[in-house]
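Participant: Model the following, please.
(chains A and B)
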Amino acid sequence: MSTQVHPDISEQQVRAISEAADEPEWLTETRLEALAALDDLEMPEVIRTPGRTWTNLTDLDYETLVDPDNQAEDKEWVEAEGAEVLSIHEAIEADEDLVREHFGSVVDTQRNYLTALSTALFTTGTVIHVPEGTAAEDVKIRTTMNSRSLFNYTLVVAEESSEVTILERQSTGDDVDGHRYYSATVEVVTGDNASVQYGSLQNLSEETYNYQVKRGHAADDASVEFIDGNVGSRLSKSSVETRLLGEGSETRIVGAFFGHDEQHFDIASRVWHENEHTTADLVTRGVLDDEARSVYEGVQDVGREAWSTSSYQRENTLMLSDESEADASPKLIINNHDTEASHSATVGQVDAQDLFYMTSRGLDPETATNMLVEGFFVPVLEEVAVDELREDLEDLVAQRLRS
Amino acid sequence: MSSDQDHLKETDTEARFEFKKEENSAFETEKGLTEETVRLISEDKDEPEWMLERRLRALEQFQEMPMPTDWPGQPDLSEVDIDEIVPYIRPDIETRGGAESWEDLPEEIQDTFDKLGIPEAEKNALSGVGAQYESEIVYQNMQERWEDKGVIFCDMDKAVREHEEIVREYFMTKAVPPSDNKFAALHGAIWSGGSFVYVPEDTSVDMPVQAYFRMNSEGMGQFEHTLIVAEENSEVHYIEGCSAPKYSAFNLHSGGVEVFVKENAHVQYSTVQNWSKNTYNLNTKRAIAEQDATMEWVSGSMGSKATMLYPSTVLKGPGSTDNHITIAMAGEGQNIDTGAKVYHNAPDTKSTIESKSISKDGGRTNYRGLVHIADGAENASTSVECDALMFDNESTSDTMPYMEIQENKVDVAHEATVGKIGDEDVFYLQSRGLDDDDAKQMIVAGFIEPLTEELPIEYAVEMNRLIELEMEGSLG
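Facilitator: Numbers count the residues shown, from 1 in each chain, chains lettered A, B, ... in the order given. Model (predicted):
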């Protein structure tokens, strides 16, 4: 890759970030290793077909986007009874072993160029720890980015038989001239029989380039659910992934996006079935208006040892404008025949019959269309446990329709 | 069932494909690929200068292009070393361009096609037959009534000489340029044999025409080119069959197929592929459909060690239609990577893709497909359906569709399912007195019915027989 940013990022800068937070040696080292690895790492994979690249990441000017010394944000935590919610640096102070054990255990700190950049440069983060047997509802993390670039980190550790629902939202505050860059890594670790729903609502300014990896490991009989809502940003590349490592584990990955103007969303949902009796359900619904573009990749990978697997995937895209474009690639990779797997994908307009019915009842076409679009998101919204996420997503959709 | 079908059924199909004939050629090139080889082939065929130029340009492109290696899950092509194959073998026969009577052929070639049941099929079900042995067509015949109507069905080498204008216009210029992919470039450099089909306006050829491709020699490559031009309001069904005996060294088949479906014309292209399991089968097949035209691809891939085949249709004219039916079956050591590509470049175009795959004994099937709807292709609709059946836990079944939608007034649907053969279905059939093997075979026959329905009965029977053969002894 030629678009490298690291000539501008020195070891001193990375050390400075680490020292400012008084980090332990192992974390400083992890950051420096990630910095050193940048030379050899590739940009995240994007889908290519003959003559076309679905998302162009190489033209981004990371040198002007990334400003490691001046990261600034407002962060608000809403704690919930039963869960310990701490900033990453508080968490290291309170229980260094816990953070050290799980940091980088789910998302490879050097997964690709952009993840390694995040590992080297993150300045803010959250650790949510749910002890064995406890249940916590509505943990909230609200991050407002005030600088040109911000690198964020989140770790969720749900011990055996615990339950937690989480909302993490990202938005932009103070104006900055020109483009911005937001990057986030989210790791979810579960104990046996634990259950996590992690919801994300991304509403960054439309000058912001956004790269996120969210990934969970599900232990025996554990459940990992992701809700990934994308409304903001200029360009987003978001991968949401679960490895079903434990027997009887399950996952649900729910995606919703609404693009307008020149927004570009590259969304991936991926699941690996790696044990017996696992279940996955991937549901993504997206709407595109104006010249917005979406790229969707869904992967259901059933391993050789994943006996008795159930795996389902649905993706639906609604196109409101003739200038929009939707690319989709739902993939099945099946290595065990004791599998029930299916996927489906559709792209189209608002249903003409529905529209006709509603206008015949006296609604004007615009109102009718808006109602149908809102209705289109209902199956996704129904999966959301945290009220704030559901309500805000609903509001954002309504605002965008009426803007 | 007629006696001919009995004949086909009763012949030992395996023996029919597996026999080897002594290698007996009039001219063969050295192994490998150089400008010298290309010039030799062209010279041996006494080709016009423009064709030699096209070959040499393709050779240049071949040498510049990298091998495809980075497709997710693609077959391993590292064994395919072009320098190890013999690209051109002209069988020793008197008549260049194909004899018109089987009796005129040397006995071993006659015997080959007899065993494959080609002359028998010709009598009963076909309008015309071409038979290729190694690099050249050895037999070509069409019923007189079609010749009288101006239908041309001849071998491609002959077409270059006798129908030069048409060939020069269409040959690897519009549908499959050598720059399309590395193997299309290879094909452009050293193609030999194949069929040329020309159907004049308002003519419907009511029985299929067939070409059969046979590789006999070890370590050879076969690179036949098929060009079909169906003029306005015409109709034709072309069937190709292929087989080879198995050798320890690899064989390479890299065919090129170009189909031009003019206004309101209808072309069906059916393939029953049964290459031996040491063959790499890397083809490029593409059709261009004009206004209100219909293109249908029907493909059954049973043979080969590795197949990469994605028949494509460019829906260029408004109201044109594409249908794909593809069946892949992969057993031990086989990697069958097939699919379909459709470009919707005009309004009111329609495509349906139906893919069925069966994997067993460690075999790997992959559906890889692309549907592209261009901006402006209003009211385009596409429906893709992929179903995969897996027999055991050593096998792999992948489904990798790609959809690119640049127009909003469209109807796009893709669906895929993967599952094992149903225990309940097997149990039901067993309770009706079938044994386990028969029950599974019956389920598979039902599974692939959408394909066999599209073939003349003789081929449907043949297809079922091939699948039975593939399944024999492999069922637990």
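Participant: Which residue comes closest to B:Tyr88 once chain neighbours are left out?
Facilitator: In this structure, B:Tyr88 finds its nearest non-sequential neighbour in B:Thr29, 4.4 Å apart by C-beta to C-beta, 6 or more residues apart in numbering or on different chains. C-beta here means a position set from N, CA and C on the backbone, and glycine is covered the same way.
Participant: got a list of what that neighbour touches?
Facilitator: B:37, B:40-41, B:86-89 (C-beta atoms under 8 Å, 6 or more residues apart in numbering or on different chains).
Participant: now do 7 Å
Facilitator: Residues near B:Thr29 by C-beta atoms under 7 Å, 6 or more residues apart in numbering or on different chains: B:37, B:40-41, B:86-88.
Participant: Quick one: those residues as JSON lines, columns for neighbour count, distance to B:Glu53 and pLDDT too.
Facilitator: Formatted as JSON lines, the contacts of B:Thr29 follow (neighbours: other C-beta atoms under 10 Å in any protein chain shown; distance: C-beta to C-beta, whole Å; pLDDT from 0 to 100):
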{"residue": "B:Thr37", "neighbour count": "20", "distance to B:Glu53": "16", "pLDDT": "90"}
{"residue": "B:Leu40", "neighbour count": "18", "distance to B:Glu53": "16", "pLDDT": "91"}
{"residue": "B:Ile41", "neighbour count": "23", "distance to B:Glu53": "14", "pLDDT": "91"}
{"residue": "B:Val86", "neighbour count": "22", "distance to B:Glu53": "24", "pLDDT": "85"}
{"residue": "B:Pro87", "neighbour count": "27", "distance to B:Glu53": "18", "pLDDT": "83"}
{"residue": "B:Tyr88", "neighbour count": "27", "distance to B:Glu53": "18", "pLDDT": "86"}
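Participant: Pick the one among the residues you listed closest to A:Glu297.
Facilitator: Among these, B:Pro87 lies closest to A:Glu297 (C-beta to C-beta), at 39.4 Å.
Participant: Could you confirm A:Leu114 falls within a helix?
Facilitator: Yes: counting by DSSP: H, G, I helix; E, B strand; the rest coil, A:Leu114 is part of a helix.
Participant: Just give me the neighbour total for it.
Facilitator: Other residues within reach of A:Leu114 by the criterion other C-beta atoms under 10 Å in any protein chain shown amount to 26.
Participant: Not counting its neighbours along the chain, what's nearest it?
Facilitator: A:Tyr211 (4.8 Å).
Participant: So what pairs up with A:Leu265 in the strands?
Facilitator: I think there's a mix-up here, since residue A:265 is Phe and not Leu. Using DSSP bridges, the bridge partners assigned to A:Phe265 are A:Ser236, A:Ser294.
Participant: before we move on, what about the one 5 residues further on?
Facilitator: Here A:Arg270 sits in beta bridges with A:Glu241, A:Val299, as judged by DSSP bridges.
Participant: Against A:His277, how distant is it?
Facilitator: For A:Arg270, the distance to A:His277 equals 20 Å [C-beta to C-beta, to the nearest Å].
Participant: wait, B:Glu84 sits on B:Lys31?
Facilitator: Yes: contact criterion C-beta atoms under 7 Å: B:Glu84 and B:Lys31 qualify, at 6.2 Å.
Participant: So A:Ser200 belongs to a helix, correct?
Facilitator: No: A:Ser200 is assigned strand when assessed by three-state DSSP, not a helix.
Participant: Just the pLDDT for it.
Facilitator: A:Ser200 carries a pLDDT value of 97.
Participant: Return the residues in contact with it.
Facilitator: Listed by C-beta under 7 Å, 6+ apart, the contact set of A:Ser200 reads A:168, A:214, A:227-229.
Participant: Report how many residues lie close to residue 166.
Facilitator: Unless you meant another one, I'm taking chain A. 30.
Participant: wrong chain, I was asking about chain B
Facilitator: Neighbourhood size, B:Ile166 [other C-beta under 10 Å]: 16.
Participant: what does the model give A:Leu1 for pLDDT?
Facilitator: Not quite, residue A:1 is Met, not Leu. pLDDT recorded at A:Met1 is 32.
Participant: What of A:Glu276?
Facilitator: Turning to A:Glu276, the model gives it a pLDDT of 98.
Participant: Quick check: closest non-adjacent residue to it.
Facilitator: Closest to A:Glu276 by C-beta to C-beta, 6+ apart is A:Trp307, at 4.6 Å.
Participant: My understanding was that that neighbour contacts A:Thr278; is that so?
Facilitator: No: if you go by C-beta under 7 Å, A:Trp307 and A:Thr278 don't touch, sitting 9.4 Å apart.
Participant: Neighbour count: those two, which is higher?
Facilitator: Shown here are A:Trp307 and A:Thr278; by other C-beta under 10 Å, A:Thr278 has more neighbours (28 against 18).
Participant: of all the residues in chain B, which ones are close to chain A?
Facilitator: For chain B, the contact set with chain A under C-beta under 7 Å from any C-beta of the partner chain comprises B:370, B:390-393, B:395-420.
Participant: What subset of those is buried?
Facilitator: B:370, B:390-393, B:395-410, B:412-420 (16 or more other C-beta atoms under 10 Å in any protein chain shown).
Participant: ok, A:Pro44 - contacts?
Facilitator: A:Pro44 is in contact with A:57, A:112, A:114, A:237, counting by C-beta under 7 Å, 6+ apart.
Participant: whoops, A:Ala116 was the one
Facilitator: Residues counted as contacts of A:Ala116 (C-beta under 7 Å, 6+ apart) are A:34, A:37-38, A:41, A:109-110.
Participant: looking at those, which has the most residues close by?
Facilitator: That'd be A:Ala34 among the contacts of A:Ala116, by other C-beta under 10 Å, with 24 neighbours.
Participant: what's the distance between that one and A:Leu121?
Facilitator: Taking C-beta to C-beta, one finds A:Ala34 at 9 Å from A:Leu121.
Participant: any idea which element the nearest residue to B:Asp361 once chain neighbours are set aside lies in?
Facilitator: Spatial nearest neighbour of B:Asp361, excluding adjacent residues (C-beta to C-beta, 6+ apart): B:Glu332 at 4.2 Å. Per DSSP states H and E: B:Glu332 is located in neither a helix nor a strand.
Participant: Would you check that B:Glu332 makes contact with B:Gly363?
Facilitator: Yes: counting by C-beta under 7 Å, B:Glu332 does reach B:Gly363; the two are 6.2 Å apart.
Participant: Please identify which of the two sits among more neighbours.
Facilitator: B:Gly363 (26 against 13).
Participant: which ones are touching the more buried one?
Facilitator: The neighbours of B:Gly363, taking C-beta under 7 Å, 6+ apart as the test, are B:330-332, B:334, B:395.
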